[in-house]
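Visitor: Let's see this in three dimensions:
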Amino acid sequence: QLHIKMKVIPCLLVFLPLLASSGVNGEICRKATCRYRWRVLNTLSMYTGGESALRLYAENGTLYYAGFEADPAHQASEEHISQTITADGNYRDIIAIQDLNSDTPDVAHMPGPTIEVLRGARVVVDVENAMFSGAMSIHWHGMFQRGTPFMDGVGMVSHCPIQPGQSFRYTFVADPSGTFWYHGHTGVQRTEGLFGALIVHDEEAIVEQTDGEFVMSVLDWFPHNSKELVINDQEYENGLKKPAYSFLNSFGYDGFAAGRSSPFHTALINGKGRVFEADGGDNGAPVEIFNVDAGSSYRFRVIGAQGQWAVRVSVDGHPLKIVAIDGFEIKATVAESFILNGGERFDFVIEANQPAGNYWVRVETFQNEWADTTLPLCNQALYDANKANGVYKRCPYRQRSLAVLRYGGAPTANPTTTSQPCTATSRCRVLNCPFKYFPRNFYSDCIDIASMQRRDRTSEEDQVPRPRRLTVGERLLGRRISRQTEFLNIGFQDSTSINGKMHLSPVEPPQTQAYRYAIPRAQRCPRHCNNTNDPGCTCTHTVSLASNAVVDLIFTNAGQDGSFAHFAPHPIHIHGHSFHVMATGYAKQNVTADTATHQGPATLLPDVLACLNPPHCTQMGWGTNGRPAVTSRYPIRKDTILIPAGGFAWLRLKADNVGWWMVHCHIEPHQVEGMALILDEGSPLEMPIPPPHFPTCMSFPRGQRRHRHRNHRENLLKFLPPILG
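Guide: Model prediction:
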């Protein structure tokens with residue numbers, strides 16, 4: 001991998017390219033075209049791959065053959081361990097990927113194979129659906145897909161889902177550069193294991209130089225498959241009884257929901273994790289190990305693949321120098337930890353400058369366990385003791401997952417380290433909080449994501465787009481709009497929705513079909529959906545963007561019918577674009593010694609917001625004081641952002657990428673239940689044409705009035721007489 005090192009000389013900047021590490025897995029494709037062949041299949045965790053299919057058992061971080069638990073004579077071989085997806089150490093059905101171009105094509109992987117290419121490379125991925133049942137598609141999260149919107153990988157929007165037994169060739173240009181990823185985008189396959197890293201290197205970019213790199217994916221993991229969890233959530237919404245393993249909400253420090261429908265079980269770091277018990281014990285499953293050398297620096301590319309839970313990421317004894325967010329380089333900032341939401345990526349650098357040993361890499365929820373005494377999730381006595389001593393330490397049990405940072409020469413043993421204590425004299429900086437304040441005695445300061453500054457301030461593509469007057473030529477060509485503003489309120493009107501519209505997936509892909517490039521009339525949102533007295537409706541929700549317009553998208557989170565009873569933060573991802581984060585706002589909080597709860601419905605929303613049709617709030621606008629000021633002098637770029645409960649995010653993009661692009665909450669149950677919409681960008685005449693013989697699909701019958709069933713012989717006899725004269 002090629003990096004850039006900058007040396008400062010009086011009145012002169014010199015950029016020196018340096019040959020450094022070869023990538024996170026040592027295999028950067030440096031060709032103009034990079035080809036991959038994958039097979040997606042159903043498999044089981046804790047079983048060896050290949051022809052052996054042996055069942056394994058975990059204890060104290062070691063794998064044994066089932067039936068010979070903790071018997072050193074029957075410890076699993078290195079070959080069988082390398083063929084096994086351990087997940088949380090339990091047996092569960094999962095979705096995995098076989099790399100057919102590798103030396104071990106029969107071995108399944110979860111996460112899937114890492115793709116590493118250079119910016120501008122043509123990426124070709126042949127995907128075979130070998131699952132028993134269920135169509136699939138793969139979305140390339142963060143890729144612009146300019147000119148190839150039909151390769152974006154959203155089933156029934158970009159293209160037809162890939163049916164079992166079928167193959168599909170994805171072809172696109174790797175752009176932009178940075179830390180990205182791919183994942184399933186049909187149903188709930190992402191959180192079943194269908195995901196992996198996509199790293200795009202730019203040899204001309206100015207990046208933080210390190211001695212090595214790691215990919216670190218995070219996926220919250222449950223003992224039940226994702227379909228059960230979504231059905232379970234829907235059953236509660238419909239007033240039905242929920243299974244014992246679920247409950248409505250768990251709450252964070254601000255009193256808003258921290259996790260929805262499913263209690264935290266564990267999280268997988270690069271496909272590995274342990275299940276922790278209330279007494280501090282665990283099930284002994286293997287964890288991921290990051291091996292480092294003393295005196296070196298390392299870049300961690302962290303990918304948030306979670307389906308429900310946001311997590312706080314930290315490394316014991318090592319401050320985090322955060323250098324990139326969602327693939328885009330920022331002006332570096334040092335923090336004790338950061339909050340990672342589903343869909344987001346954070347790149348941080350650590351210096352391996354501590355005594356040689358083992359250190360915990362921590363992934364923890366910020367659920368306020370102590371608010372609910374019926375949940376035995378934390379050691380209350382330990383928390384009370386720390387609180388009395390003026391020290392806040394996070395809950396040590398259950399609500400976490402761990403990996404190991406291991407220095408060269410350190411023993412093969414679990415770390416005994418603790419997280420950084422946050423005190424009045426040594427406060428903790430936490431980036432990307434879902435609220436503005438921690439409770440006062442937590443001694444932690446939230447750093448607003450909108451306050452970050454981008455690193456590259458000179459390149460044209462990094463500049464904030466600004467509206468301008470249309471030229472005479474543009475007006476003659478039919479352009480009417482140079483600026484567009486859309487307020488989009490996410491909430492639970494009737495169900496998960498945006499502006500009261502619960503999104504219904506199209507019955508045929510509008511990007512390539514819909515005769516042509518339109519949503520069938522029966523699925524379009526009726527006009528009454530915009531009625532101020534209508535609580536909502538179910539339809540295919542689309543928002544049209546004018547070509548090349550500067551678009552301000554203001555996402556608000558104003559609750560359920562004005563009651564604020566089920567407030568929750570929502571991570572929103574926009575396909576086909578990056579956006580500049582102009583400003584964010586948070587619910588008002590009461591900050592006292594022990595709490596930082598919201599103030600209640602009457603005074604909850606920031607003053608800059610106004611609900612135009614209470615109590616539904618499906619129409620929002622700026623308040624009496626008008627639009628807020630831009631938070632940062634050099635706003636950062638992102639493609640996924642958290643909309644705080646009771647708050648907003650003002651985003652700006654340029655509509656210069658023609659296509660049909662999904663916008664959705666990255667909490668998977670919310671996405672499939674309707675918290676989504678489609679951006680219809682550009683006119684039908686501008687839409688890129690898909691390759692010849694591109695797959696088509698639709699409902700049947702599709703508008704036929706009459707059809708007399710004939711066989712081919714009858715058809716031939718019908719047309720033969722006119723031909724013969």
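
Visitor: Helix or strand: which one has residue 81?
Guide: Counting by DSSP states H and E, the element that carries residue 81 is helix 78-82.

Visitor: and the helix or strand just after that helix, how far from the chain's centre?
Guide: Moving toward the C-terminus from helix 78-82, the next helix or strand (DSSP H and E) is strand 93-99. The chain centroid and the centroid of strand 93-99 are separated by 19 Å, computed with C-alpha atoms, centre = their mean, to the nearest Å.

Visitor: which other helices and strands contact strand 93-99?
Guide: strand 33-44, strand 108-109 (3 or more C-beta pairs under 8 Å, 6 or more residues apart in numbering; DSSP states H and E). C-beta: built from backbone N, CA, C; applies to glycine.

Visitor: at 10 Å what do you get?
Guide: strand 33-44, strand 108-109, strand 122-129, strand 195-201 (3 or more C-beta pairs under 10 Å, 6 or more residues apart in numbering; DSSP states H and E).

Visitor: Go through those strands and name the closest to residue 301.
Guide: Taking C-beta to C-beta as the criterion, residue 301 comes closest to strand 195-201 out of the helices and strands packed on strand 93-99, the separation being 6.6 Å.

Visitor: pLDDT averaged over the closest one, what's the number?
Guide: Rounded to a whole number, the mean pLDDT of strand 195-201 is 98.

Visitor: Quickly run through the sheet partners of the next helix or strand after it, with directions.
Guide: Downstream of strand 195-201, the next assigned helix or strand under DSSP H and E is strand 212-221. Using DSSP bridges, the strands paired with strand 212-221 are strand 266-269 (antiparallel), strand 297-304 (parallel).

Visitor: mind checking which of those is nearest residue 199?
Guide: Evaluated over those, closeness to residue 199 peaks at strand 297-304, with 6.6 Å, by C-beta to C-beta.

Visitor: helix or strand right after the closest one?
Guide: Tracing the chain C-terminally past strand 297-304 and defining elements by DSSP H and E, one meets strand 311-315 next.

Visitor: counting contacts, what elements does that next one pack onto?
Guide: Strand 311-315 packs on strand 212-221, strand 297-304, strand 337-340, strand 345-351, strand 358-364, strand 400-407, strand 428-431, going by 3+ C-beta pairs under 10 Å, 6+ apart.

Visitor: switch to 7 Å and redo it
Guide: Under the contact definition 3 or more C-beta pairs under 7 Å, 6 or more residues apart in numbering; DSSP states H and E, strand 311-315 sits against strand 337-340, strand 358-364.

Visitor: any chance of those strands in a markdown table, with mean neighbour count and distance to residue 641 too?
Guide: Shown next, in a markdown table, are the helices and strands packed on strand 311-315 (neighbours: other C-beta atoms under 10 Å; distance: least, C-beta to C-beta, whole Å):
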| stretch | mean neighbour count | distance to residue 641 |
| --- | --- | --- |
| strand 337-340 | 26 | 12 |
| strand 358-364 | 23 | 20 |
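
Visitor: Please identify which of these is closest to residue 170.
Guide: Nearest to residue 170, of all these, is strand 337-340, at 26.5 Å by C-beta to C-beta.

Visitor: what separates that closest one from the chain centre, distance-wise?
Guide: Using C-alpha atoms, centre = their mean, the distance from the centre of strand 337-340 to the centre of the chain it belongs to is 14 Å.

Visitor: got the contact list for that strand?
Guide: Outside strand 337-340, the residues within contact range by C-beta atoms under 7 Å, 6 or more residues apart in numbering are 218, 302, 304, 310-314, 320, 322, 346, 428, 430-434.

Visitor: and residue 429, what are its bridge partners?
Guide: Here residue 429 sits in beta bridges with residue 445, going by DSSP bridges.

Visitor: How far off centre is the helix holding residue 81?
Guide: For helix 78-82 - counting by C-alpha atoms, centre = their mean - the centre lies 30 Å from the chain centre.

Visitor: For it, C-alpha coordinates in CSV please.
Guide: Taking C-alpha atoms only, helix 78-82 is exported to CSV below (Å, rounded to 0.1, in the frame of the first residue of the first chain):
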residue,chain,number,x,y,z
GLU,A,78,-5.3,-26.1,13.3
GLU,A,79,-6.8,-27.2,10.0
HIS,A,80,-10.2,-27.8,11.4
ILE,A,81,-10.1,-24.5,13.5
SER,A,82,-9.3,-22.6,10.3
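
Visitor: related to what we said a few turns ago, give me the buried entries from the contacts of strand 337-340.
Guide: Using 16 or more other C-beta atoms under 10 Å as the burial test, the contacts of strand 337-340 include 218, 302, 304, 310-314, 320, 322, 346, 428, 430-434 as buried.

Visitor: Just list the residues touching the nearest residue to residue 135 once chain neighbours are set aside, thanks.
Guide: Using C-beta to C-beta, 6 or more residues apart in numbering and skipping the chain neighbours, the partner closest in space to residue 135 is residue 161 (3.4 Å). Contacts for residue 161 (C-beta under 7 Å, 6+ apart) come out as 135, 136, 137, 155, 186.

Visitor: follow-up on the earlier one: closest one to residue 572 among the strands paired with strand 212-221?
Guide: Smallest distance to residue 572 across the strands paired with strand 212-221 (C-beta to C-beta): 13.1 Å, for strand 297-304.

Visitor: quick one: average pLDDT of that closest one?
Guide: 98.

Visitor: and it with strand 358-364, angle?
Guide: 30 degrees (axes from the mean of the first three to the mean of the last three C-alpha atoms, to 10 degrees).

Visitor: Extract the CA atoms of strand 297-304 and return them as PDB.
Guide: In PDB, the C-alpha atoms belonging to strand 297-304 read as follows (Å, rounded to 0.1, in the frame of the first residue of the first chain):
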ATOM      1  CA  SER A 297       1.600   2.200  15.000                       C
ATOM      2  CA  TYR A 298      -1.500   0.500  13.600                       C
ATOM      3  CA  ARG A 299      -4.600   1.600  11.800                       C
ATOM      4  CA  PHE A 300      -7.900  -0.100  12.700                       C
ATOM      5  CA  ARG A 301     -10.600   0.000  10.100                       C
ATOM      6  CA  VAL A 302     -13.800  -0.500  12.200                       C
ATOM      7  CA  ILE A 303     -17.000  -1.500  10.400                       C
ATOM      8  CA  GLY A 304     -20.400  -1.300  12.100                       C
END
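
Visitor: what does that strand contact?
Guide: Applying C-beta under 7 Å, 6+ apart, the external contacts of strand 297-304 come out as 24, 179, 181, 197, 199, 208, 210-218, 292, 313, 340-352.

Visitor: Buried ones from those residues, can you make that a ChimeraX selection?
Guide: For the buried members of those, the matching ChimeraX selection, counting by 16+ other C-beta under 10 Å, is:
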select :24,179,181,197,199,208,210,212,213,214,215,216,217,218,292,313,340,341,342,343,344,345,346,347,348,349,350,351,352
